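*Asks:* Kindly return the folded structure for what I paste below:
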Amino acid sequence: MQNKEQNQPDNGVSIAGPDEPPVETLPPSCSVNIRGWENDNEAQAREFGEGVMSLAKELSRYLDLSRLKSIIIGWDYAEALASVDRGDGIPPAAPTANEYGQGGAMAVHVIHNDEIWSVVVIWTGLVRQLNQTDHPEHKLALQTFVHELVHVNDLRLFTRTYPGGWRAAKPRNGRDANLQPIVNPCQSEYSAQRRAAWAAPEHGLDLLEMLGKAMKDVDDQIRSARLSYRLHGDMDKYWPVVVERLTFLFQAIGYGLGHADWVEAKADDHPELAARYRAKLEELAGYPSGWMLDACRDAVQPFFDLEEWIDQEIYDPLIEVLERLLNQNGMYTRAHGDGIYVDMPYTGFHDL
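*Replies:* Have a look, this model is predicted:
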């Protein structure tokens, strides 16, 4: 069963007065698509979809959702992601999954008429109580929804302001082209989580727990992969492992720091909660990779404060953090033609 709620066009463009809320940015063409529902209750699914659309309209007064193509909510999350036509031969999106958990929400980029739009796909279980404000799971559902819409807003800032248009946004060389995708989730998730944390302030402690596990494991993960590389000597096998592990680490840092920084900014309103976050961050700072927390926080601030894109050099501080982490694990990178060269000098048995 599929139920679709269509946003109705307004009769003209309204300008908000000094005592009026900002105007809605959600396009008239945006739709909410509910894939499946318990007991196939179509009326209940339609009511839920109407509530989602109403909330998206209200949030679009404060977030730029003018390039939100649709919202898909379904129990079949993986299939829902695969159903999104991204255009230009772009492969379908797949759920994020590893030993730390499985993702259930994503703002998918699609190309439509040479513009980048977004399709938000969410597993029903995450937002089932989105319209039930008195339900214990409502706050987390709301945070999940807002988080994905912030991604839509941030992408629109990029496509609307980048000099020469989004197709002009190219890394300076092959090294940057390989390293930017590793660090980009840090700034992206920091922005989305910091701007959505108000909906569920306590939830960030779970994110810091996940971050702690990733920080504890990453050195052993890279060391194990490096040992295998010394045996097989195939960089094409080794580098993808490094990319996968470090991409998730940077993503987890963005989630955890974004939430913690919102709580810290609101410490007067949440003094006991802020103290718990400070204690957890202090614990994480003691890990071998704990230096990354302050380094990443400094590196993402230009993105968070961004009002207009200028160039790709904004990524340089984050790439410097990544290069330091790679150096810490015996890897040194440089541009090589249109790609990247990874040097891993062998310095003796202790290097394993």
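*Asks:* what comes up buried for stretch 178-190?
*Replies:* Across stretch 178-190, burial judged by 16 or more other CB atoms under 10 Å covers N178, L179, I182, V183, N184, P185, C186, Q187, S188, E189, Y190. All C-beta atoms are positioned from the backbone trio N, CA, C, and that covers glycine.
*Asks:* Return the closest of those residues with respect to D154.
*Replies:* S188 (6.8 Å; CB to CB).
*Asks:* gap between that closest one and L306?
*Replies:* Separation of S188 from L306 (CB to CB, to the nearest Å): 12 Å.
*Asks:* And for V119?
*Replies:* Computed with CB to CB, the distance linking V119 and L306 is 23 Å.
*Asks:* what comes up buried for stretch 50-61?
*Replies:* Using 16+ other CB under 10 Å as the test for burial, stretch 50-61 gives V52, M53, L55, A56, K57, L59, S60.
*Asks:* Kindly check the end-to-end length of stretch 322-341 for me.
*Replies:* End-to-end span of stretch 322-341 (CA to CA, to the nearest Å): 15 Å.
*Asks:* For it, what does the pLDDT average out to?
*Replies:* The average pLDDT within stretch 322-341 is 95.
*Asks:* Repeat that for stretch 126-140.
*Replies:* The average pLDDT within stretch 126-140 is 96.
*Asks:* next one: stretch 204-222
*Replies:* On average, stretch 204-222 scores 95.
*Asks:* so of the buried residues of stretch 50-61, which ones are in helices?
*Replies:* Among the buried residues of stretch 50-61, the ones falling in helices (DSSP state H) are V52, M53, L55, A56, K57, L59.
*Asks:* does the second one really touch I34, like I thought?
*Replies:* No - at 10.7 Å, M53 and I34 do not qualify as touching, with contact defined as CB atoms under 8 Å.
*Asks:* Point out where the protein drops to low pLDDT.
*Replies:* The chain contains residues with pLDDT under 70 at 1-18, 348-352.
*Asks:* Tell me how it divides into domains.
*Replies:* For the chain, automatic domain parsing gives the domain ranges 2-169, 175-351.
*Asks:* And for D268, the neighbour number?
*Replies:* 7 (other CB atoms under 10 Å).
*Asks:* rewinding a little: just the buried residues of stretch 178-190: which are in helices?
*Replies:* N178, L179, I182, V183, N184, P185, C186, Q187, S188, E189, Y190.
*Asks:* Identify the residues contacting the first one.
*Replies:* Going back to what we said before, that points to N178. T333, G339, I340 (CB atoms under 8 Å, 6 or more residues apart in numbering).
*Asks:* For the nearest residue to R276 once chain neighbours are set aside, grab the count of nearby residues.
*Replies:* In this structure, R276 finds its nearest non-sequential neighbour in L205, 6.6 Å apart by CB to CB, 6 or more residues apart in numbering. Residues lying near L205 (other CB under 10 Å) number 16.
*Asks:* Quick check: L205 vs G104, distance?
*Replies:* Distance of L205 to G104, computed by CB to CB: 19 Å.
*Asks:* so after the longest helix along the chain, what's the next helix or strand?
*Replies:* When the chain is parsed with DSSP H, its longest helix is helix 235-265. On the C-terminal side of helix 235-265, the closest following helix or strand by DSSP states H and E is helix 271-285.
*Asks:* after that next one comes which helix or strand?
*Replies:* Criterion used, DSSP H and E; the element after helix 271-285 is helix 291-304.
*Asks:* CA atoms only for that following helix, dumped as PDB, please.
*Replies:* In PDB, the C-alpha atoms belonging to helix 291-304 read as follows (Å, rounded to 0.1, in the frame of the first residue of the first chain):
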ATOM      1  CA  TRP A 291      43.000  15.100  20.100                       C
ATOM      2  CA  MET A 292      40.600  14.900  17.100                       C
ATOM      3  CA  LEU A 293      37.700  16.300  19.100                       C
ATOM      4  CA  ASP A 294      39.000  19.800  19.500                       C
ATOM      5  CA  ALA A 295      40.700  19.700  16.100                       C
ATOM      6  CA  CYS A 296      37.500  18.700  14.400                       C
ATOM      7  CA  ARG A 297      35.400  21.200  16.400                       C
ATOM      8  CA  ASP A 298      37.700  24.000  15.100                       C
ATOM      9  CA  ALA A 299      37.700  22.700  11.600                       C
ATOM     10  CA  VAL A 300      33.900  22.500  11.200                       C
ATOM     11  CA  GLN A 301      33.100  26.000  12.600                       C
ATOM     12  CA  PRO A 302      33.600  27.700   9.200                       C
ATOM     13  CA  PHE A 303      31.000  25.300   7.700                       C
ATOM     14  CA  PHE A 304      28.600  25.900  10.600                       C
END
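*Asks:* just the buried residues of stretch 178-190 now: which is nearest T247?
*Replies:* Taking CB to CB as the measure, T247 lies nearest I182 of these, at 4.9 Å.
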